[in-house]
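Novice: quick one, fold the following:
(one chain, ligands or ions: 1)
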Amino acid sequence: MSEHYTQRGYQIFRAALPRDLVSALADAAQLVPTYRGEIRRQNGMMEVNRFHTDTSLVANAAGNAHLSMPPGLDAIHEAMRRLITDKHLWQCLHELDGAERYTIHQSILFLSSPNTDLHIDSWAMDTHPPGYAHSVWIPLQDMDRTSGVPCVIPWPKTKLITEADLGLSPEPSAKDRYSRYHDALQEKLQAASPDVATAFMRRGDVFIWSSLTPHCTMPCRPVVRERLALQLMVRPAHLLCGRFGVEEGWQENADRVSDLFSFLRVS
Ligand SMILES: [Fe+2]
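Specialist: Residues are numbered from 1 along each chain as shown. Below you'll find the model as predicted:
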């Protein structure tokens, strides 16, 4: 088990993945901008490409391409499956928490930087108890200071800040619950002038943070530019699923795709 990960909630692995597998997915991703049909997106909907104004840069990231892609984009599906079920990725995860098998809940293929504000991924998906799920960020091209790389605020892996901790009352039905929480969280965190951790990663590197670790995207230049990256949401398969603000854990159906990985079954 990684003491660094337990104490600081993130780990950066250098030259951990075979570069040919990473490059194969980057090459296949070049098929997306000229594709005219609908592709499943990060939000789960089937949509055509939406471009940043006056560019050929795709704004809406592809979602769960490891499960299916339309005809003509099979190369992305295949390259992604090879990369995300590779034993080198399992070794990174296993080094963090010692689990024997991992369930991949979601993949997001970014073609440009999403420019996300400070947040925790536990709201989208977590384990029960919280803090044991991983967000895996894999650059598909070499990154530098202008690339819009993610960064984290180093954070104890299972440290949960609840709505009550922020002086908010939990209202499960409130439409602005997510934004209200994150506004308050951001204010609290920034008041302490926190360190942030990031790296100018190369192809083959992997950045992993815990579901409770606050993170955001650093600015990129120009504001809109190509930035190919793959993000995975993963949990150790033996743990229950959970989500921020939900008291109980639950089981989900998953399909075993190798000795090391399962894929969550998405209806
Ligand atoms: Fe995130």
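Novice: check which helices and strands the helix or strand harbouring residue 208 is in contact with.
Specialist: Per DSSP states H and E: residue 208 is located in strand 206-210. Packing partners of strand 206-210 (3 or more Cβ pairs under 8 Å, 6 or more residues apart in numbering; DSSP states H and E): strand 10-13, helix 87-97, strand 134-139. (Glycine included, C-beta is placed from N, CA and C.)
Novice: let's see the first one as PDB, backbone CA atoms only.
Specialist: Okay, so that is strand 10-13. The C-alpha trace of strand 10-13 is given here as PDB (Å, rounded to 0.1, in the frame of the first residue of the first chain):
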ATOM      1  CA  TYR A  10      -2.800  11.200  -5.300                       C
ATOM      2  CA  GLN A  11       0.100   9.600  -7.000                       C
ATOM      3  CA  ILE A  12       1.900  10.200 -10.300                       C
ATOM      4  CA  PHE A  13       3.500   7.200 -12.000                       C
END
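Novice: what's it packed up against?
Specialist: Secondary elements touching strand 10-13 (3+ Cβ pairs under 8 Å, 6+ apart): helix 87-97, strand 206-210.
Novice: got it, and the longest one?
Specialist: For helix 87-97, the helices and strands in contact under the criterion 3+ Cβ pairs under 8 Å, 6+ apart are strand 10-13, strand 134-139, strand 206-210, strand 226-236.
Novice: of the ones you listed, which is nearest residue 56?
Specialist: For the helices and strands packed on helix 87-97, proximity to residue 56 was assessed by Cβ to Cβ; strand 226-236 is nearest, at 9.3 Å.
Novice: the residue positioned nearest the centre of the chain: what's it in contact with?
Specialist: The chain has residue 231 as the residue nearest its centroid, 3.7 Å off, counting by Cα atoms, centre = their mean. When contacts are counted by Cβ atoms under 8 Å, 6 or more residues apart in numbering, residue 231 is found next to 107, 108, 110, 135, 136, 137, 138.
Novice: could you redo the last one with a cut-off of 7 Å?
Specialist: 108, 110, 135, 136, 137 (Cβ atoms under 7 Å, 6 or more residues apart in numbering).
Novice: if it is in a bridge, with which residues?
Specialist: residue 108, residue 137 (DSSP bridges).
Novice: distance of it relative to residue 167?
Specialist: 31 Å (Cβ to Cβ, to the nearest Å).
Novice: now do residue 211
Specialist: With Cβ to Cβ as the criterion, residue 211 and residue 167 are 23 Å apart.
Novice: so which of the helices and strands packed on strand 206-210 is nearest residue 54?
Specialist: Closest to residue 54 of these is strand 134-139 (Cβ to Cβ; 25.8 Å).
Novice: after the closest one, which helix or strand is next?
Specialist: That would be, after strand 134-139 and using DSSP H and E, strand 150-152.
Novice: which elements pack onto that following strand?
Specialist: Contacts defined by 3 or more Cβ pairs under 7 Å, 6 or more residues apart in numbering; DSSP states H and E place strand 150-152 against strand 215-217.
Novice: quick one, strands of the chain?
Specialist: Here the chain has its strands, by DSSP state E, at 10-13, 39-40, 46-47, 62-63, 102-112, 126-128, 134-139, 150-152, 206-210, 215-217, 226-236, 240-242, 254-256, 261-264.
Novice: partner strands of the third one, with direction?
Specialist: Taking DSSP bridges as the criterion, strand 46-47 forms sheet pairs with strand 39-40 (antiparallel).
Novice: about what we covered before: closest one to residue 188 among the strands of the chain?
Specialist: strand 215-217 (14.7 Å).
Novice: any idea of the mean pLDDT for that closest one?
Specialist: Averaged over strand 215-217, pLDDT sits at 97.
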